[in-house]
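Colleague: could you look at this predicted model? Sequence included:
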Amino acid sequence: MRILNPNYIYINGDFKENIAVAFNSKIESIDNIEKLKEKYQDVEVIDCGKNSVLYPGFINTHVHLEFSANRTTLKYGNFMRWLYSVIDNRDELLNRCDNAMMQRACEDMLSSGITTFGAISSFGTELEVCEKTPQKVIFFNELIGSNMAYIDALYNDFLVRVKASKEAIENGIIPAIAMHSPYSVHPVALKRALEVAKANNMPISAHFLESPEEREWFEDGSGEFLEFFKKYFNTTQPMTTIDEFLSYFDNTPTHFTHLTQAKEKELKYISKNGHSIAHCPRSNRFLGCGKLDLEKVQELDILFSVATDGLSSNSSLNIFDELYSAIMIHNGEDLIKLSKLLISSVTTQPAKIFNLNSGEIEEGRDADFAIIKLADTPSSLNDIALYTILHTKKVNSLFISGEQII
Ligand code: BEZ
Ligand code: FE2
């Protein structure tokens, strides 16, 4: 048993003073320091220092580790320009991305306080690194393939990867499934994969309505995706519609990534069916995709996470960088309210979405903590979320299941 004694603590969506936490691998007790010292005598008390803030460990629900080699290879600015550059450079990028590089990406996430992440895995090559990293990993085995001629082979490969991730549960892996997108997964394969997810009670994720080009393709069968499909697949028609794609997930709450091009109609459907959203503001900005309608998301009570996406469409995996950018991108929102909402989007909200026993300072939860130090005394408790986001790049210390990592 140990006790963490911070200046401030993020608890029940607010910032409080004079609250300490006693923990083993789980949180045992939350009270003022005197009471905890009385209750647990002769245990180590870790004083977190002046202007320290204790947060639950942060959760980054969407990252592509396999593409960590990208810096100046892929083309940003426009989604189709980016997609063509991915196809042209994929093999080279994957070849350059070895375990050491993916491990560094995990360490970068650790240094910004990320104690759980969702790895979107196209090939399964990051499984070993994800097993070794101290973080908990929701391992999203991704299914891709629009061409019926290859679907059986692709689907069988997907099942092999799912099996490998199931065998890694004791190493902190939570097996999960990702559908690449409505334009790249054949509905026949998608339905089969959803059955697997349902039978195994696995979390599900899918990129959806990421770019204006994707919306145009589904609405009119035209635009740059038409040229793309003619060139690579010799097809001229989308395989599904926006509404039909959404309906496949009716009985399986899904974490949809991006939705920058979603309209009120789709957001209402998502709300009604208990789905959630991964919001990647920098990735969306860098690929020229627009931004999620955060006002509507809040109005409809949709749970959402802010996530970094991979280095294939971002400049870092630092969650503070992402939150800072979210503040700048959603410039119509009240600054203080938005900052607090953003903190919930990397803690309590993703924990709820994926039913994780972390993301919240509460007795019985996993002792996953990110401790930061503000540069100076905050002018008010209510502004701590903003000050944290504005001035933090790295955490001062980090605990996962009670073990000190940083
Ligand atoms: C496919 O593998 O079928 C695919 C990949 C990317 C975009 C569209 C289709
Ligand atoms: Fe992604």
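Modeller: In hand now; what should we look at? Ligands and ions are numbered 1, 2, ... in the order given.

Colleague: distance check, residue 112 against residue 316.
Modeller: Using C-beta to C-beta, to the nearest Å, one obtains 8 Å as the distance from residue 112 to residue 316. To be clear about C-beta, it is placed using only N, CA and C from the backbone, and glycine gets the same treatment.

Colleague: with neighbour numbers in mind, choose between the two.
Modeller: A direct count of neighbours by other C-beta atoms under 10 Å for residue 112 and residue 316 places residue 112 higher, at 25 against 16.

Colleague: hang on, that one packs against residue 319?
Modeller: Yes - under the criterion of C-beta atoms under 8 Å, residue 112 makes contact with residue 319 at 4.7 Å.

Colleague: joint contacts of the two?
Modeller: residue 58 (C-beta atoms under 8 Å, 6 or more residues apart in numbering).

Colleague: care to break this protein down by domain?
Modeller: In the assignment given by automatic domain parsing, the structural domains of the chain cover 2-56+360-404, 58-353.

Colleague: ok, which stretches of the stretch 301-406 of the chain are strands?
Modeller: Taking DSSP state E, counting those that start in this stretch as the test, the strands found in the stretch 301-406 of the chain are 304-306, 369-373, 397-400, 403-404.

Colleague: ok, the second one: who's next to it in the sheet?
Modeller: As defined by DSSP bridges, the strand partners of strand 369-373 come to strand 52-56 (antiparallel), strand 397-400 (antiparallel).

Colleague: who's in contact with the first one?
Modeller: What it means is strand 52-56. In this structure, residues lying in contact with strand 52-56 by C-beta under 8 Å, 6+ apart are 4, 6-10, 15, 21, 48, 113, 343, 347-348, 351, 358-361, 365, 368-374, 384, 388, 396.

Colleague: OK, contacts around residue 402?
Modeller: For residue 402, the contacting residues are 2, 23, 24, 25, 26, 366, 367, by C-beta under 8 Å, 6+ apart.

Colleague: ok, which of the strands paired with strand 369-373 comes nearest ligand 1?
Modeller: Smallest distance to ligand 1 across the strands paired with strand 369-373 (C-beta to the nearest ligand atom): 34.9 Å, for strand 397-400.

Colleague: can you tell me what sits against that closest one?
Modeller: Strand 397-400 is contacted from outside by 4, 23, 48, 57, 110, 113, 115, 134-136, 366-371, 404-406, using C-beta under 8 Å, 6+ apart.

Colleague: list the buried residues for stretch 99-109?
Modeller: Within stretch 99-109, the residues scored as buried using 16 or more other C-beta atoms under 10 Å are 102, 103, 105, 106, 108, 109.

Colleague: those in helices, which ones?
Modeller: 102, 103, 105, 106, 108, 109 (DSSP state H).

Colleague: can I get the residues you listed in CSV with pLDDT and distance to ligand 1?
Modeller: Listed next are those as CSV, based on pLDDT from 0 to 100; distance: C-beta to the nearest ligand atom, whole Å:
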residue, pLDDT, distance to ligand 1
102, 98, 22
103, 98, 28
105, 98, 23
106, 99, 26
108, 98, 27
109, 99, 26
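
Colleague: does any part of stretch 281-297 sit near ligand 1?
Modeller: No - applying C-beta under 6 Å from any ligand atom, one finds that stretch 281-297 is not in contact with ligand 1, the shortest distance being 13.9 Å.

Colleague: same thing with stretch 125-144?
Modeller: Yes - residues of stretch 125-144 are located near ligand 1 by C-beta under 6 Å from any ligand atom, namely residue 144.

Colleague: flag every buried residue along that stretch.
Modeller: When neighbours are counted by 16+ other C-beta under 10 Å, the buried residues of stretch 125-144 are found to be 125-127, 129-131, 133-143.

Colleague: next: stretch 28-39.
Modeller: 28, 30, 31, 33, 36, 37.

Colleague: need the contact partners of it.
Modeller: Outside of stretch 28-39, the residues that reach it under the criterion C-beta under 8 Å, 6+ apart are 1, 3, 5, 11, 18-22, 40, 45, 361-363.

Colleague: so which of these belong to helices?
Modeller: Checked against DSSP H, the contacts of stretch 28-39 include nothing in helices.

Colleague: which PyMOL command selects the buried ones in those residues?
Modeller: Selecting in PyMOL just the buried members of the contacts of stretch 28-39, where the criterion is 16+ other C-beta under 10 Å, is done with this command:
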select buried, resi 3+5+11+19+20+21+22+40+361+362
